[in-house]
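What would the 3D arrangement of this be:
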Amino acid sequence: MTRTPLHRLVFGSLRRLLYLWVRSETISQSAATLDLDRSKPVFYVLQKPSLSDLAVVDHECAKAGLPRPVVQVSMESHQEPSAFFFLDAPTGWLGRRDKRIISPTLARLVTAVNQNALAEAQIVPVSVYWGQSPARETSPWKLLFADSWAVTGRLRKLLAILFLGRKTRVQFAAPIQLRELVNQGKGPERTQRMAHRILRVHFRNQKAAVIGPDVSHRRNLVKGLVHAPAVRQAILDEAEREKFSVDKAEARALRYGNEIASDYTYTAIRFLELVLSWFWNKIYDGVKVNHIEQVQEIARGHEVIYVPCHRSHIDYLLLSYLLFTHGLTPPHIAAGINLNMPVIGGLLRRGGAFFMRRTFKGNPLYTAVFNEYLHTLFSRGFPVEYFVEGGRSRTGRTLQPKTGMLAITLRSYLRSHRLPVVFVPVYIGYERVLEGRTYLGELRGASKKKESIGDLFKVIGALRQRFGQVAVNFGEPIRLADFLEQQQPGWRQQDLGPDFRPEWLTAATNQLGTTVARHLNEAAAINPVNLVAMVMLSTSKLAIDDRGLASVLDRYLALLRRVPYSPHTTLPEGDGQQLTAHVLDMKFIASQQDALGKILYLDEQNAVLMTYYRNNVLHVFALPSLLASFFQNSGRISREQILRYVTALYPYLQAELFIRYELNELEAVVDEWMNAFVEQGLLRREDDVFIRPAPSSGEFVLLTLLSRAIVQTLQRFYMTVALILDHPQYGLDAEELESLCTVMAQRLSILHGLNAPEFFDKSLFRNFISALLSQGVLRRNEHGQLSHSPKLAELVEGAAKRVLPTEVRLSIRQVTLKRQPSPQPDSENAIQA
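Here you go, the predicted model:
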């Protein structure tokens, strides 16, 4: 384009006219932070010829202080009339495109660099989005003007400006250095084609990351499901089993597809963005986002599956909102069918939710349709979100993974791995969760209530409280191909069977669930409420003076900075005094003043509720708390003894709390923590022996508080083993043991006044028993009855004496010891520890 004064006048007038209506912003990488060498010429490349796009880019460059694309560029050998070019050939009014050609500007630049007439040229790809939405058949207006994968003519671009111009987004990519391409020595013509191909692939991947992959409209997608071979076979089987026609079975399959499939629409996304923007700023004191840059990078060219922790119903909305506002496609979200309520269900479906029944058991046709729908999403590159925990955590802990969706994902990937799959863990940390009142009832033992529209009004009624901040941390991605290679080397060459269920699939799925849970916990966002809950619940009377609390919080922060749990874990800003004031302001703790100062305490309701927030980060404190507990009954312990006891207990803590460290890393981590304790004055070291401070000292008080974070978990472990030892070999099965543990835990919690409802959580006992079986401490016979090693009592008592107070051990033994053990079986049936 020759930049005559007339051209400049026309373009300037067009830009001013356009910005009477249009509002634009730069997303993802800031234009101001581009890695540009201002001493070398800069050229911008846009995918499609469009003066309106160029005007928007020119506006954003001017706003960011970058070289403008419409200004003449003076170079060493010649001048270019402008600093931009278009990658694609122009289109007509109705969208018809001419054949693909290499831009003359690109050709001249490559030739000049190749002939050394120009030292370097920097090419910056720029994308302009007039709204972000896949196409949808049932919205004719949207099909006319929404940004999509269809070829866009001038008429459609005009409509896009009119309807979506108030939400225009610009994305600058990292510059391409032409000298690097030329130096590959392929000659001018081949280098031009290579540069053109690189830019074409970039724009395709960038568009898929921002507006989603090329998508068929919903009705055709659902219809396509019933033609898939697996679904056709399920339809035939259903007709034969139910003794009705194939047409009726096909209609049922279509009904299932419509029940499941999302109806992703731009209008719903924009509506939710506006509502949620108000919500986060009105209800919460903002949202902190950490480590999203890695997701923006990995989204290009990958099938992204977001696997967040599940603490609240608004988890769905929060993640989609953040991804959208950071230039990424909101995912299709697996939601329980219980959320498909009037009004709410329709809005969620249009926001990307697809609905699934709680169980597929006894319905092979529904299973086939659902599996095919998921495979369609995965194979077409739609980002997907599901919760590996299944439901919301009512205790604040990361729940044991439900592996159903993971199994479907793995089988889909084995069936077709055209796109590399990556799991992105997302930790969502609330200073106050919206459903706190509901959880409080469930923490006290109330049964879970079915969701209803009335829940909305309960939430609205709670909005008088202060909710603090929300932190969203993106964890370390898990590349599925790499994971499978670790679990099953050479899996690509193996016979996977006609239904893609190799023998190793179940074990790999379970391990993937554990890996996801650990990565979730690695990304923990530790907030002031978590830390205050950790301290307050460790005090003997649930009370402490304000200076004491601030001092303990400062020590905890110092320890966590000295031994970071993970590069993805975040800590709160401020010191102990500021954290205390913040939690007081949120009314989680109460205070009273006396002549000596201010006393902070937990009332009965908040004491129960704070267990939820403590449990959010219990995995971070589990190992240092265990180490501190060794010094409650012993004044001095050698490093060798510490490592022996930690190694014995750690597998069970790791299984329950999904702690990140592998067993071969444990020794180094223990040494780091012990050194941190010494640096903080909590222990002294003489050679390889660690010595605790005097029991009257403040350091010993701090060590005691730290040890109490994990003591109830260790009590449950000890009680379970005590019940095992109280019964003869093969005297009970796992289900009976689980029930006995629950009853005894309830009894102990009453006797000792424990404010920890999860102390008698049946699922925790079930998981611990499973861990004992997996470690070989327990074994089942052919009837499912349990046996244990004769040495178990000696080993457990030795560890318990180190970590549990004498009165606690005696109390547990008194509650559990009901009868004398029966004679032991032959030694050949005994289990070696």
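
how about A334, phi and psi?
phi -80, psi 120 (degrees, to the nearest 10).

residues contacting the closest residue to it other than its chain neighbours?
Spatial nearest neighbour of A334, chain neighbours left out: Y386 (3.8 Å); criterion: Cβ to Cβ, 6 or more residues apart in numbering. For every residue, glycine as well, the C-beta is placed using N, CA and C. In this structure, Y386 makes contact with I305, Y306, V307, I333, A334, M405, judged by Cβ atoms under 8 Å, 6 or more residues apart in numbering.

Show me the strands in the stretch 601-750 of the chain, by range?
Per DSSP state E, counting those that start in this stretch, the stretch 601-750 of the chain carries strands over the ranges 636-638, 684-686, 689-691.

who wins for proximity to S787 among these?
Closest to S787 of the strands of the stretch 601-750 of the chain, according to Cβ to Cβ: strand 636-638, at 32.4 Å.

which parts of the helix or strand encompassing V231 are buried?
Counting by DSSP states H and E, the element that carries V231 is helix 229-242. Buried residues in helix 229-242, defined by neighbour count with 16 or more other Cβ atoms under 10 Å: A230, V231, A234, I235, E238, A239.

Stretch 342-353 now?
Neighbour-count burial for stretch 342-353, counted by 16+ other Cβ under 10 Å, picks out I344, G345, L348, R349, R350, G351, G352, A353.

cool, and stretch 54-68?
Across stretch 54-68, burial judged by 16+ other Cβ under 10 Å covers L54, A55, V56, V57, D58, H59, E60, C61, L66, P67, R68.

Can you tell me which of those is nearest L792?
Nearest to L792 among the buried residues of stretch 54-68, with distances taken as Cβ to Cβ, is E60, at 68.8 Å.

Excluding chain neighbours, what is closest to that closest one?
Excluding its sequence neighbours, the residue lying closest to E60 (Cβ to Cβ, 6+ apart) is V170, at 4.7 Å.

Please apply the same query to H417.
Per Cβ to Cβ, 6+ apart, closest to H417 is A481, 7.1 Å.

now L109
A121 (4.7 Å).

before we move on, what about L276?
Per Cβ to Cβ, 6+ apart, closest to L276 is Y321, 4.6 Å.

quick revisit: any chance of JSON lines for the buried residues of helix 229-242, columns pLDDT and distance to E797?
As requested, the buried residues of helix 229-242 are arranged in JSON lines below (pLDDT from 0 to 100; distance: Cβ to Cβ, whole Å):
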{"residue": "A230", "pLDDT": "93", "distance to E797": "55"}
{"residue": "V231", "pLDDT": "95", "distance to E797": "58"}
{"residue": "A234", "pLDDT": "95", "distance to E797": "56"}
{"residue": "I235", "pLDDT": "95", "distance to E797": "61"}
{"residue": "E238", "pLDDT": "94", "distance to E797": "59"}
{"residue": "A239", "pLDDT": "95", "distance to E797": "64"}
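
residue boundaries of the strands in the stretch 51-200 of the chain?
Going by DSSP E, counting those that start in this stretch, the stretch 51-200 of the chain shows strands at 73-74, 79-80, 84-86, 122-130, 168-172, 176-177.

Please enumerate residues in contact with stretch 189-201?
45, 87, 102-103, 106-107, 110, 114, 123, 125, 176, 178, 181-182, 184, 186.

and which of the residues you listed is nearest to N281?
Using Cβ to Cβ, these come closest to N281 at P125, 33.2 Å.

Could you report the neighbour count for the closest residue to the closest one other than its chain neighbours?
Nearest non-adjacent residue to P125, counting by Cβ to Cβ, 6+ apart: A173, 4.3 Å away. When counting by other Cβ atoms under 10 Å, one arrives at 19 neighbours for A173.
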